[in-house]
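1. build the 3D model from these lines:
(one chain, ligands or ions: 2)
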Amino acid sequence: MKILTAEFIRSCVGPEQFPNGGLPEIAFVGRSNVGKSSLINSLLQRKSLAKVSRTPGKTRAVNVFSVVTGDVQLARFMIVDLPGYGYAKVSKSIRAQWGPLLEAYLTDREEVRIVVLLVESRVPAAQDRATIEWLLSIGHLPVVVATKVDKLKPSERVAGLRRLGAELGLDDRLPVIAYSSTTGEGRDRLWTVLKERTRI
Ligand code: GTP
Ligand code: MG
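-> Numbering: from 1, shown residues only. Ligands and ions are numbered 1, 2, ... in the order given. As a prediction, the model looks like this:
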């Protein structure tokens, strides 16, 4: 995938700041520290467009990026980095702010063409399964991506990914894409699925 432009647009802390240009949006969700911002940078081949941090809970707002790609024809769309859920150390008041923002974004907006749910290859969180069920209940069939696959030993890879699918209760509708932002593995496959599913 050839990325022609990728720009940060804004950090939204309330629904009134969500973009309203009517462009299709691809949303990225997952628990804190799962690797959302890194994956966005890797997909867009930009080093530090989305802020990456070792400290979970870095992304606290809905961060919107505008992208133009051009393989055969130009496509213009938005990439949206949502705040990570499930990080206990973040204060209650901040968490109380995130939940409704995430929910408002994912439930109320027609622009959201697809939700990409990131889960960590080695450590799926209990909340990941609940998130999949919730997304299905509000009409989003997510693309599930297993992040940081470079951390799996080759010998544990197949069994590890199979176990992940079982723990998350995935079936044929929800294949898992193995991804590493460090090596770029999975990038082409994820773009292919995103293009097919969003028709961008
Ligand atoms: P929040 O914004 O806090 O929700 O986190 P996030 O999901 O955006 O995660 P982020 O991309 O900031 O990455 C968290 C940590 O995981 C950082 O230390 C990254 O360097 C590391 N990381 C992300 N992707 C990968 C990967 O593919 N492989 C490896 N080995 N580490 C990764
Ligand atoms: Mg982030």
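2. contacts and neighbour counts: CA atoms only from here.
-> Fine.
3. in the chain, which helix or strand is least confident?
-> Ranked by mean pLDDT, DSSP states H and E, the weakest helix or strand in the chain is helix 92-108, scoring a mean of 76.
4. need the next SSE after it, C-terminal direction.
-> Using DSSP states H and E, the helix or strand that follows helix 92-108 in sequence is strand 112-120.
5. how near is the most centrally placed residue in the chain to residue 159?
-> Residue closest to the average C-alpha location in the chain (C-alpha atoms, centre = their mean): residue 28, at 2.2 Å. As judged by C-alpha to C-alpha, to the nearest Å, residue 28 and residue 159 stand 26 Å apart.
6. relative to residue 46, how far out is the closest residue to residue 8 other than its chain neighbours?
-> Sequence neighbours aside, residue 65 is the residue nearest to residue 8 in space, at 4.4 Å (criterion: C-alpha to C-alpha, 6 or more residues apart in numbering). Residue 65 sits 12 Å away from residue 46, going by C-alpha to C-alpha.
7. okay, these two: which has more neighbours?
-> residue 65 (21 against 15; other C-alpha atoms under 10 Å).
8. my read: that one touches residue 9, true?
-> Yes. The criterion here is C-alpha atoms under 8 Å, and residue 65 meets it with residue 9 at 5.1 Å.
9. go ahead and confirm residue 55 touches residue 35.
-> No. Contact status for residue 55 versus residue 35: not in contact, 11.3 Å apart, counting by C-alpha under 8 Å.
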